[in-house]
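A.B. asks: Predicted model and sequence follow; I will ask about them next.
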Amino acid sequence: MHSALPKVLHPLAGKPLLSHVLNAAKHLRPEAVVVVHGHGTQAVRTAVNDPALQWALQEPQRGTGHALMQALPLLPRHGTVLVLYGDVPLLQPDTLDDLVRAAGDGALGLLVQELPDPRGYGRILRDGSGEVVGIREERDASAKEREITEVNTGIMALPAARLSQWLSRISCDNDQSEYYLTDVVALAVRDGVPVRTCRPGHDWEALGVNSKKQLAQLERIYQRETAGKLLESGVTLADPERLDVRGSLACGKDVQIDVGCIFEGEVVLEDGVHIGPHCVIRDCRIGGGTVVEAFSYLDGAKVGRDCRIGPYARLRPGTVAAEKVHVGNFVEIKNSTLGEETKANHLSYVGDSTVGSRVNVGAGTITCNYDGVNKHRTVIEDDVFIGSDTQLVAPVTVGRGATIGAGSTIVSAVPADQLTLSRSKQVTVMRWKRPAKKS
C-alpha cells in the first residue's frame, strides 16, 4: 500500500476496510467477534473502538492458521466459527448466511470462486467424484494444479468443536514456513468431515485489497452498486458513475442528483429534493421540494421544505432552516436557526444566531459573534430588513420589524419597527488630486 496507515484502516466509501467486514459479520448476530491484529495494533484498536469486540494479538505473524490459533482461547467451543479477512470488505450478508448454512451439522464450509485468471490464489483440489480433498497454495502447487481455475477465497466456516485439534495438527513445512489455515481442509477430509462449498452472490464480493489500485477498483464497484440501488428505488442520477456515497443515503420520491455529488454520514433527502452538481452533503436532512444548487457544502444541517440553497453556499453544523428559506451564493450559516421565508442571498455570514421569519439579510452582512475568546449570540426577530454591508456585533438583539440602513455597525439593541443606522457623513474633498508616480 506504500503507506504508514495499516491496510485494514484504508477507507472504502468513507469507512475503514475492517469496518465493512465487521458490519457484514454483525448481520449474522454472532455470539462473539474476535479481531486478530498484528501490524499497527494501536492504530487499529483506536480506529475500531467497539466494546463488543474481542482482540487477539498475533506476534509474530506466521500465517492464517497461526492467526486463528491466537483467537482460539476467545472462541466458543460450540457452533460454527466463521473466518473473515480485514482486507476483503465487500462480502454480503446473504453470502455469509449461505456459507454458515453449508457448515451446518458439523461440516466445513468453504467459499470458492471460478476465475479465468487464478494467479495468486490457492487452488481447490477435488477427487474423481468431485469432492473437495484439499487446497494447494499457488507457490506450492504443481504446474498441473496451477491450471485449476476454481480457487479458494480464504473465507471458511469451521466446526468449533474440531478447530483446536485441527490447528494442533497443521505444520509450517512449506515454502513460506507459515501455518496455512487451508491445511485444515485436508485434515477434515481425513477425519471424514464433509467439506461443502458455496459461491458468492457476486463475483466482486471476495475481492481483496493489496494495493491502492485495487482499493480504487473496489471503491468504484461499491459506488456502482450503491448507484444501482438508488436507481432501482426511483432516484434520478444524472450519471451513476459520478456519485459517491460514504455512509447512508435515504431518498424519497422524485429525488434528482446531478453529477459529482458526495454524500457522507447519514443523509436523508425527502420527496422532490434536487441536488445540483458537485455538492458535498454530510449528516443532513433536507425537506421535500428543496433545491440545493451547484457547489454547495452542507454539514450537520437540517433544511426544511421548499428551500433554495446555493450555489456556493455553506451550511455548517447546527444550522436549522425552516420552510422556504433562501441561502444564496457565498453565504455561510453556522449554528443558527432561520425562520420561514427568511433570505440571505449574497455574500453573508450568519453565525450563532436566532433569525426569525421573513427576514431579509442584505449582501455583505456579518454577525460578529466572536470576540477573540468567547462566542456570543445574535437575535434577529421577525420581519427585519438588514441593509447591505451591515455588521451586527454580538451579543445584540434586533427588534421585530426593524430596518437597518446599509453600511451600519450595530453594537446595541435595535428597537422594533424603527430605522436604525450608523453612518459617517459623506464628504467630498474639493481640488483633491490623485498622487502621480514620480519619474
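C.D. replies: Nice, I can see it. Numbers count the residues shown, from 1 in each chain.
A.B. asks: where's V185 relative to L91, distance?
C.D. replies: 20 Å (Cβ to Cβ, to the nearest Å). All C-beta atoms are positioned from the backbone trio N, CA, C, and that covers glycine.
A.B. asks: just L18 next, same as before
C.D. replies: Taking Cβ to Cβ, one finds L18 at 12 Å from L91.
A.B. asks: do G228 as well
C.D. replies: The value you get for G228 to L91, if Cβ to Cβ is used, is 18 Å.
A.B. asks: who's more crowded, the two?
C.D. replies: Remark: of G228 and L91, L91 carries more neighbours, 26 against 12, as counted by other Cβ atoms under 10 Å.
A.B. asks: Find the nearest non-adjacent residue to E323, please.
C.D. replies: Excluding the flanking residues, the one nearest E323 by Cβ to Cβ, 6 or more residues apart in numbering is G304, at 4.3 Å.
A.B. asks: pretty sure R305 is touching G287, no?
C.D. replies: Yes. Using Cβ atoms under 8 Å, R305 is in contact with G287, at 3.8 Å.
A.B. asks: Format the CA atom coordinates belonging to the helix or strand of the chain with the lowest mean pLDDT as PDB.
C.D. replies: Across the helices and strands of the chain, mean pLDDT, DSSP states H and E gives its lowest value to strand 132-136, namely a mean of 90. The C-alpha coordinates for strand 132-136 follow below in PDB (Å, rounded to 0.1, in the frame of the first residue of the first chain):
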ATOM      1  CA  VAL A 132     -13.100 -31.400  -2.200                       C
ATOM      2  CA  VAL A 133      -9.900 -33.100  -0.900                       C
ATOM      3  CA  GLY A 134      -7.700 -30.100  -0.200                       C
ATOM      4  CA  ILE A 135      -6.400 -26.700  -1.100                       C
ATOM      5  CA  ARG A 136      -3.000 -26.000  -2.700                       C
END
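A.B. asks: just how off-centre is it within its chain?
C.D. replies: Averaging C-alpha positions (Cα atoms, centre = their mean, to the nearest Å) puts strand 132-136 38 Å from its chain's average.
A.B. asks: Can you check the distance spanned by stretch 65-82, start to finish?
C.D. replies: Its start and end residues considered, stretch 65-82 measures 13 Å (Cα to Cα, to the nearest Å).
A.B. asks: which parts of it are buried?
C.D. replies: By neighbour count with 16 or more other Cβ atoms under 10 Å, stretch 65-82 contains the buried residues 65-72, 75, 79-82.
A.B. asks: now stretch 38-50
C.D. replies: For stretch 38-50, by 16+ other Cβ under 10 Å, it's G38, G40, V44, A47, V48.
A.B. asks: Out of those residues, flag the one nearest to I404.
C.D. replies: A47 (49.2 Å; Cβ to Cβ).
A.B. asks: what about the stretch 51-200 of the chain, any weak spots by pLDDT?
C.D. replies: Along the stretch 51-200 of the chain, the model assigns pLDDT under 70 to no residue.
A.B. asks: ranges for the helices of it?
C.D. replies: Assigned by DSSP state H, counting those that start in this stretch, the helices in the stretch 51-200 of the chain fall at 64-71, 93-102, 160-169, 183-190.
A.B. asks: for those, which one sits closest to E147?
C.D. replies: helix 183-190 (19.6 Å).
A.B. asks: So which of the helices of the stretch 51-200 of the chain is nearest D127?
C.D. replies: Short answer: helix 183-190, nearest of the helices of the stretch 51-200 of the chain by Cβ to Cβ, at 8.9 Å.
A.B. asks: other SSEs contacting the closest one?
C.D. replies: strand 108-114, strand 132-136, helix 160-169, strand 195-198 (3 or more Cβ pairs under 8 Å, 6 or more residues apart in numbering; DSSP states H and E).
A.B. asks: Tell me which of these approaches G351 most closely.
C.D. replies: strand 108-114 (53.0 Å).
A.B. asks: And G276, how close does it get to P317?
C.D. replies: 21 Å.
A.B. asks: Settle it for me: which of the two has more neighbours?
C.D. replies: Remark: of G276 and P317, G276 carries more neighbours, 21 against 13, as counted by other Cβ under 10 Å.
A.B. asks: contacting residues around that one?
C.D. replies: D258, V291, V292, E293, A294, F295, S296, G310, P311 (Cβ atoms under 8 Å, 6 or more residues apart in numbering).
A.B. asks: Q42 belongs to a helix, doesn't it?
C.D. replies: Yes. With DSSP: H, G, I helix; E, B strand; the rest coil as the criterion, Q42 is part of a helix.
A.B. asks: Give me the pLDDT value at it.
C.D. replies: Per-residue confidence (pLDDT) for Q42: 91.
A.B. asks: ok, now K425?
C.D. replies: 89.
A.B. asks: same question, the one 5 residues further on
C.D. replies: Confidence at M430, expressed as pLDDT, is 93.
A.B. asks: next one: G14
C.D. replies: G14 is given a pLDDT of 95.
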